[in-house]
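Participant: Sequence and predicted structure below; questions after.
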Amino acid sequence: MMLGVVGVVSRAHHISTKIAAMSSSSLFRLTRFPILSNPTFLPSFHSVPHSFHNVDDAVSFFNRMLQMHPTPSIIEFSMILTSLVKMKHYSTAISLSHQMELKGIRPDIVTSSILINCYCHLGQLTSAFSVMGNILKRGYQPNTIILNTLMKGLCLKGMVQRAMEFHDDVVAQGFRLDEVSYATLINGLCKTGDTRAALRLLRQIERPNVIMYSTIIDSLCKVKLVSDAYDLYSEMVARRIPPIAVTYNALINGFCIVGRFQQAVGLLNEMVLQCIDAEVRTFNILVEALCKEGNVKEAKNVFAVMVKQGLEPNIVSYSSLRMGTVLLRK
């Protein structure tokens, strides 16, 4: 039996009221989602969009489609909207969808999910949740992709606590979130400096991945809690989650910040031994830090390893060495 859309409950109203107070936009409401006895989930949209040289070509093609008889399917319109999104022309995609509706072409679930994505990128969360409400009224439940988009939209606006409350809301309603969901929340918490909250969230995740760990490790290193970051790295390795270049970059940078260059060089050597492709940025972190400390000889050794690895030094690499040489002469 299909249940109707449940009205706004106290928690949702509390969230939307706080957001309204923070924004000049009108109040939007996070609706509690009904649990359907036989739920119809939104399909994930994997389209191959038309190839357009620029936004004008896409708009022109869209307008020609609007004049066609019979009218092309909504799938074809969605393909063009997707192309515009890939070109980051979110406002244009929204405008064309409105034109489509004026022509009596009703958006389907895929089109609605595209609109939610556009509104979130533009920070227009009121409109994003309004589209979500329309989806629910048509008897559908959102898939994980849409929920992730809304959480990311809240995080991009700096409303990380609202995103956490939204997370609590949908989980309480029985929705299953994925790795992207939690990586989004952890990234949002770390960007607002709430690394401890990110760490608590990590502990609640059954199967955290290397991106989640690396994000927190980087955040800890930036505030010089390098020992804590290394402990987290050791925990990750113990859980057989292999570190990646991003993980090592964060730790190497952290050790350089606190002047522990021996450990930083040791991590670089570990990367080489583990056959993890270091980036030019990885070597530049060390070269710059060593040069600032006047250890130009060791910086040149690191530089030589970079070249031996087949990486091409960039302007940062050469500038750091030049700076170190100048400082050494003073």
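Facilitator: Received it, and whenever you're ready, just let me know what you need. Residues are numbered from 1 along each chain as shown.
Participant: Only the buried residues of stretch 279-298, if you could.
Facilitator: Across stretch 279-298, burial judged by 16 or more other Cβ atoms under 10 Å covers 280-291, 295-296, 298. C-beta: built from backbone N, CA, C; applies to glycine.
Participant: Tell me which entries of those residues lie within strands.
Facilitator: With DSSP state E as the criterion, strands contain none of the buried residues of stretch 279-298.
Participant: Let me know the closest of the residues you listed to residue 219.
Facilitator: residue 285 (16.5 Å; Cβ to Cβ).
Participant: pLDDT at the closest one, what is it?
Facilitator: Note on residue 285: pLDDT of 93.
Participant: ok, it - contacts?
Facilitator: 249, 252, 253, 256, 264 (Cβ atoms under 8 Å, 6 or more residues apart in numbering).
Participant: Dump those residues into TSV; add neighbour count as well.
Facilitator: Shown next, in TSV, are the contacts of residue 285 (neighbours: other Cβ atoms under 10 Å):
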residue	neighbour count
249	22
252	26
253	20
256	22
264	25
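Participant: Tell me which of these fall in helices.
Facilitator: Mapping the contacts of residue 285 onto helices (DSSP state H) picks out 249, 252, 253, 256, 264.
Participant: Now do the contacts for the fourth one.
Facilitator: Shown in contact with residue 256 (Cβ under 8 Å, 6+ apart): 264, 285, 286, 289.
Participant: swap the cut-off to 10 Å and go again
Facilitator: With contact set as Cβ atoms under 10 Å, 6 or more residues apart in numbering, residue 256 has these partners: 221, 226, 263, 264, 265, 285, 286, 288, 289, 290, 292, 293.
Participant: what do you get for the second one?
Facilitator: Listed by Cβ under 10 Å, 6+ apart, the contact set of residue 252 reads 221, 261, 263-268, 271, 278, 281-283, 285-286, 289.
Participant: ok, 7 Å please
Facilitator: By Cβ atoms under 7 Å, 6 or more residues apart in numbering, the residues touching residue 252 are 264, 267, 268, 282, 285, 286.
Participant: Adding distance to residue 54, write those out as a markdown table.
Facilitator: Putting the contacts of residue 252 into a markdown table (distance: Cβ to Cβ, whole Å) gives the following:
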| residue | distance to residue 54 |
| --- | --- |
| 264 | 45 |
| 267 | 45 |
| 268 | 43 |
| 282 | 36 |
| 285 | 38 |
| 286 | 42 |
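Participant: next SSE after the helix or strand bottoming out on mean pLDDT in the chain?
Facilitator: Sorted by mean pLDDT, DSSP states H and E, the helices and strands of the chain end with helix 10-22, the least confident at a mean of 42. Following helix 10-22 in sequence order, the next helix or strand is helix 55-66 (DSSP states H and E).
Participant: Mean confidence (pLDDT) on the helix or strand following that following helix, please.
Facilitator: As assigned by DSSP H and E, the chain's next helix or strand after helix 55-66 is helix 74-86. Mean pLDDT, helix 74-86: 91.
Participant: go on, stretch 203-212?
Facilitator: 95.
Participant: Dump that stretch to CSV, restricted to CA.
Facilitator: The C-alpha trace of stretch 203-212 is given here as CSV (Å, rounded to 0.1, in the frame of the first residue of the first chain):
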residue,chain,number,x,y,z
ARG,A,203,34.0,5.4,14.3
GLN,A,204,30.3,4.9,13.5
ILE,A,205,31.0,3.7,9.9
GLU,A,206,31.1,0.0,9.5
ARG,A,207,33.5,0.1,6.5
PRO,A,208,35.3,3.4,6.2
ASN,A,209,37.5,3.9,3.2
VAL,A,210,40.9,5.5,2.5
ILE,A,211,39.3,8.8,1.4
MET,A,212,37.6,9.2,4.8
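Participant: what's the distance between that stretch and the middle of its chain?
Facilitator: Offset of stretch 203-212 from its chain centre (Cα atoms, centre = their mean, to the nearest Å): 15 Å.
Participant: Which residues does it contact?
Facilitator: 179, 182, 183, 186, 202, 236, 241, 242, 243, 244, 247.
Participant: Just list the residues touching the second one, thanks.
Facilitator: It refers to residue 182. Contacts for residue 182 (Cβ under 7 Å, 6+ apart) come out as 201, 205, 212.
Participant: out of the residues you listed, which is most surrounded?
Facilitator: Within those, neighbour counts (other Cβ atoms under 10 Å) peak at residue 212, which reaches 23 neighbours.
Participant: Backbone dihedrals for that one, both of them.
Facilitator: When read as degrees, to the nearest 10, the backbone of residue 212 gives phi -60, psi -50.
Participant: nearest to residue 320, of the contacts of residue 285?
Facilitator: Looking across the contacts of residue 285 and measuring by Cβ to Cβ, the closest to residue 320 is residue 256, at 11.8 Å.
Participant: all helices of the stretch 51-200 of the chain, in order?
Facilitator: Using DSSP state H, counting those that start in this stretch, the helices found in the stretch 51-200 of the chain span residues 55-66, 74-86, 90-102, 109-121, 125-137, 144-156, 160-172, 179-191, 195-204.
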